[in-house]
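S.K.: using only what follows, build the 3D model:
(2 chains)
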Amino acid sequence: MLRSIARLQRPVLKACRVSVRGYQVARLDSSLKTKYDSLTDYASYRNNIFTHRLPESTASQSPPLVALHSRLNLPSSYTLSTLSQALNLNKFDDGLANNFGLNTLGKNLLSYYVAEHLLVKYPRLPMPIHNGAVDSLMGVETLYEIGKSWGIDVDQSSKLEKYLSQESEFLKYGKLRFVSEESKNDVKEPGVYELSEDEVSSLKRNNSFVAKEIEAYASAVRSIIGGLYTHAGEEATKAFIEDHILSRKLPLEQMFQFSQPTRELIRLCDKLNFTEPVEIRLIAETGRLSAHPIYVAGAFCGVEKLGEGVGSSLSEAKTRSVVNALMSYYLYSPISADGTDVKLPSDKNYKFEGIIGIGDVAI
Amino acid sequence: MLRNFIRRSSTSASIPFEPVPINRYNQVRSQFNFKPKKTQGLIHNPASAIHRPSIKTPRAFLPESDPRRKLNTGPVFTKEQLQDYPIITAYKPQNERDYSVTPEIARKIIELRNEDPKTWTVTKLSKEFGLSIQKVNVFTGILDEHLKTKEVSELTDRQKKRINEKKKRVELWLRNEF
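M.R.: Numbers count the residues shown, from 1 in each chain, chains lettered A, B, ... in the order given. Down below sits the predicted model:
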C-alpha cells in the first residue's frame, strides 16, 4: 500500500505559473492523509499515514549513528532514535518518521539566534548585507558544509547492493537518507547530474539551483538542532548554535560594494543631522611629479574625521576615504559600559545597551 | 667558541668562513650605530596604516549611549590644522543647499540649448542663469550625449582594454580592496 502512494504523482509546481506568490501559505500535505473533525479545530488534526519511530535498541546498534552522537558531543538525553530521525528525509520508504517537523523547529531556532546575533552586534548593517550575512551563517550551502564536516554520509546503496555486500541493515540508520529506493537503482554517470523535476522548477522560479543533496544535508543539520531543543532545552541549543554556527568567521568587510559612495555619505550625514559641511581633504601626498605619486585623503565633517583612504590618484584617494567612512559607520558594533560585548535578549539579566539602527540610507 | 669550532670544522676547507663581511665599518664600535631610545611608561603608538573600518568607529558615528564616546572628548583635529589640508571637494550641509532652480528655468535652458547649441554653450548658459556648469550639464543632458557618442565599436582594442582595466580598479576602490 505504501508503495502505491510512493508512485503517485506528487503535487509539483508546474512551470507555467500565472502569478508568483511572495509569501508563505500553510497548506496541508495531502500525502500525510490528515483527518480532522472541523477545519478550525486544530487539536483534532491527525495524520493517518503509518509511521513509527526507530526503537532505541536498534538505533544503538548503528555505528555511524553512535559515532555522530558522540562526535557532536550531544547530551545523553538526546536519544539515538531522534538523531536517526533527523537524518531521514524519506517520507514513504520504510515507514519511519521523517525529519519534517524537526527541520521546521531547527530552522526557526536558527533564524532566531542568527537574527538576534546580527541585529544586536551589527545594528547598522544595510538590508542586503544583513541578508547576505544571514545566508552565510545559516544558508543552505553553509549548512551543507557544516553537515559534511560533521561526517554525515549519504545512504546511496540500494537494498540489493546492501544484501550483496552483506552490509548490516543498521548501518543506514546513521546515514543521511534522501535518495528514494527507485532512484538508487538508476544508472549514474560520473560527472553527469540529472535534475529532478523539483530542481528544474526551482531553477525556473528564482534562477538558482540547489542540488537535492545540499538541501538534504542542510535539512539534517537543522533537524539535529531541532532535536537538541526537544531533548535538552533552550540553553543547550543556544550553546550548540553558538559553537557551530555563530562562531564561524563572517567576512562582513568583504561583503560591501558601493555604487555611489560620496552621495551615500552625504545622505547619511543628512540623516544623522550633521550641520557641518562634508569635505574631502588632502592629508598627504608623495609629490605629484614623482614616479608613482600616492595621495592620502580624508573625509571630514567639520573637525571630525570620518574616514581616510590612500590612492595613486586624487579621485582614488577620495573614493577610498569615502568608502572607508561609510564602512566604519555600517560596521559599528556596540559595547557595554564595562567594555565587554553587549548582552543578547536571550541572555540572563538582559539589559538593553546597544542601539537600534536608523534604517538604510536612500541614495 | 665551541659552536664556531664545530661550524669551522663542518664546512669544507676550500670555502673560507666569514660570518660578517670584512670591511672597515665596525658594527659594534662605530659611532653610526644608533640605538633607539625608548620612552619610559605607557605610550600610544598607533599603527602607521589606515585603520580597518570594522575595528574603529570614528567619534562622529558613535551613538550617544556608547561608552567609547567618553574616552577621547577633545577633537582630533583643530580648525587651524585643517587649514593645512587642502580641500579636494566640499559638499554643503542640508540647510545651506541651493534649491532655487525652478522647472521653468530648467525648461528654458533645455529650449535654448536645443534651438542653437553652438551659440548657447554650457558656459554661456551657466553665466546667463547664474548656475554652476555641472547643473547646466545635467539639464542639457550633455553628459549622456557625450557617453552615447563614444560607441564601444569605435574604440580600438587597446582603448577597450584600458577602459575595462580602469573599471575593474574602480570596483576595487568601491569594495575597499587593494
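S.K.: going forward, measure contacts and count neighbours with C-alpha atoms only.
M.R.: Noted.
S.K.: counting contacts, what elements does whichever strand or helix holds A:Val66 pack onto?
M.R.: Element membership for A:Val66 (DSSP states H and E) is helix A:63-71. Contacts defined by 3 or more CA pairs under 8 Å, 6 or more residues apart in numbering or on different chains; DSSP states H and E place helix A:63-71 against helix A:80-86.
S.K.: tell me the gap between the helix it packs on and the middle of its chain.
M.R.: Helix A:80-86 sits 22 Å away from the centroid of its parent chain (CA atoms, centre = their mean, to the nearest Å).
S.K.: if I look at the residue positioned nearest the centre of chain A, how far off is chain B?
M.R.: Closest to where the C-alpha atoms of chain A average out (CA atoms, centre = their mean) is A:Met138, at 1.7 Å. Look at A:Met138 and chain B: by CA to the nearest CA, to the nearest Å, they are 22 Å apart.
S.K.: tell me the contacts of that residue?
M.R.: Listed by CA atoms under 8 Å, 6 or more residues apart in numbering or on different chains, the contact set of A:Met138 reads A:Leu110, A:Ser111, A:Val114, A:Ile245.
S.K.: and the contacts of stretch A:83-97?
M.R.: With contact meaning CA under 8 Å, 6+ apart, stretch A:83-97 is reached by A:2-3, A:5-6, A:50-54, A:59, A:65, A:69, A:98-100, A:102-103, A:173-181, A:216, A:220-221, A:223-224, A:227.
S.K.: need the buried ones from those residues selected in ChimeraX.
M.R.: In ChimeraX syntax, the buried subset of those is picked out as below (16 or more other CA atoms under 10 Å in any protein chain shown):
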select /A:54,59,65,69,98,99,100,102,103,173,174,175,176,177,178,179,180,181,216,220,221,223,224,227
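S.K.: now the strands: where do they sit in chain A?
M.R.: A:34-35, A:46-47, A:278-285, A:295-301, A:304-311 (DSSP state E).
S.K.: least reliable of the ones you listed going by mean pLDDT?
M.R.: The weakest mean pLDDT among the strands of chain A belongs to strand A:46-47, with a mean of 80.
S.K.: which other helices and strands contact it?
M.R.: Using 3+ CA pairs under 8 Å, 6+ apart, the elements in contact with strand A:46-47 are strand A:34-35.
S.K.: tell me the gap between the helix or strand where B:Gln81 lies and the middle of its chain.
M.R.: Element membership of B:Gln81, judged by DSSP H and E, is helix B:79-83. Relative to its chain's centre, helix B:79-83 lies at 19 Å (CA atoms, centre = their mean).
S.K.: just give the nearest non-adjacent residue to the residue of the stretch 51-200 of chain A found nearest chain B, would you?
M.R.: Here the residue of the stretch 51-200 of chain A nearest chain B is A:Tyr122; by CA to the nearest CA that distance is 10.1 Å. Closest residue in space to A:Tyr122, ignoring its immediate chain neighbours: A:Ser333 at 5.2 Å, by CA to CA, 6 or more residues apart in numbering or on different chains.
S.K.: number of residues surrounding that neighbour?
M.R.: Using other CA atoms under 10 Å in any protein chain shown, A:Ser333 has 25 neighbouring residues.
S.K.: before we move on, what about the one 10 residues further on?
M.R.: Burial of A:Lys343, expressed as a neighbour count using other CA under 10 Å, amounts to 19.
S.K.: contact partners for it?
M.R.: Applying CA under 8 Å, 6+ apart, we find A:Lys343 in contact with A:Ser336, A:Tyr350, A:Lys351, A:Phe352, A:Glu353.
S.K.: drop anything exposed from these.
M.R.: For the contacts of A:Lys343, a neighbour count by 16+ other CA under 10 Å gives the buried set as A:Ser336, A:Glu353.
S.K.: follow-up on the earlier one: number of residues surrounding the residue of the stretch 51-200 of chain A closest to chain B?
M.R.: When neighbours are defined as other CA under 10 Å, A:Tyr122 has 21 of them.
S.K.: that one against A:Leu331, yeah?
M.R.: Yes: using CA atoms under 8 Å as the test, A:Tyr122 is close enough to A:Leu331 to be in contact (6.3 Å).
S.K.: near chain A, which residues of chain B show up?
M.R.: Residues of chain B lying near chain A by CA under 8 Å from any CA of the partner chain: B:50, B:52-54, B:56-63, B:65-67, B:75-79, B:82, B:85-95, B:170-171, B:173-176.
S.K.: taking the contacts of A:Met138 together, which two end up most distant?
M.R.: Greatest spacing in the contacts of A:Met138, by CA to CA: A:Ser111 and A:Ile245 (10.9 Å).
S.K.: who has more neighbours, those two?
M.R.: Between A:Ser111 and A:Ile245, A:Ile245 has the larger neighbour count (other CA under 10 Å), namely 19 against 15.
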